[in-house]
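[1] Okay, structure incoming, though there's no sequence with it:
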Ligand SMILES: CC(=O)c1csc(NC(=O)C2C[NH2+]C2)n1
């Protein structure tokens, strides 16, 4: 229906802005592009569903997200993948786990601050029907 489509267009505009802010934060640099499978050769043996911020921006444009919760599920996936692939006590693993948790918390905080909760509930209702 047309009214729903106007709401989803507004959601896309909002999610592009959130994605841009996250991708422009140097702290989250490692999560901005897909892991280079030629450099990190064992990545797909460990991580079955890779995700990154560039892929999420493409998913926004392809109308893959019908509510902010679906968008945050992919941010949570980026974080979970990094925690799983970098489990060691080394400082490099600890640093990337810290960056992953910071990405997750920043994304949830940005949406809680900038998103009208009634609007998200209306979007979740549309998502449920589709
Ligand atoms: C995106 C992501 O989780 C990622 C990219 S490289 C990496 N880890 C390493 O390069 C080594 C540090 N301990 C393994 N993790």
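    Perfect, thanks for sending it. From a predicted model like this one, the values you see are computed outputs, not experimental measurements. Numbering: from 1, shown residues only.

[2] what ranges of this structure fall below the confidence cut-off?
    Scanning the chain for pLDDT under 70 picks out nothing.

[3] Flag every residue of it that's near the ligand.
    Applying CB under 6 Å from any ligand atom, we find that the chain lies next to the ligand at 30-31, 35, 40, 81-82, 85-86, 92-93, 96. Heads up, the C-betas are built off the backbone N, CA and C, glycines and all.

[4] Can you verify my assumption that residue 63 contacts residue 11?
    No. Residue 63 lies out of contact with residue 11 (CB atoms under 8 Å); the separation is 9.6 Å.

[5] So for those two, which sits in the more crowded spot?
    Between residue 63 and residue 11, counted using other CB atoms under 10 Å, the more crowded position is residue 11 (25 against 12).

[6] buried set for stretch 21-35?
    22-23, 25, 28, 30-32, 35 (16 or more other CB atoms under 10 Å).

[7] Quick one: end-to-end length of stretch 82-98, please.
    10 Å (CA to CA, to the nearest Å).

[8] Can you tell me what sits against that stretch?
    Residues outside stretch 82-98 that contact it (CB atoms under 8 Å, 6 or more residues apart in numbering): 30-31, 43, 46-47, 99-101.

[9] out of those, which one sits closest to residue 5?
    residue 31 (30.4 Å; CB to CB).

[10] Nearest spatial neighbour of that closest one, chain-adjacent residues omitted?
    residue 78 (5.2 Å; CB to CB, 6 or more residues apart in numbering).

[11] ok, the one you found - contacts?
    Residue 78 neighbours (CB under 8 Å, 6+ apart): 31, 51-53, 100, 103-104.
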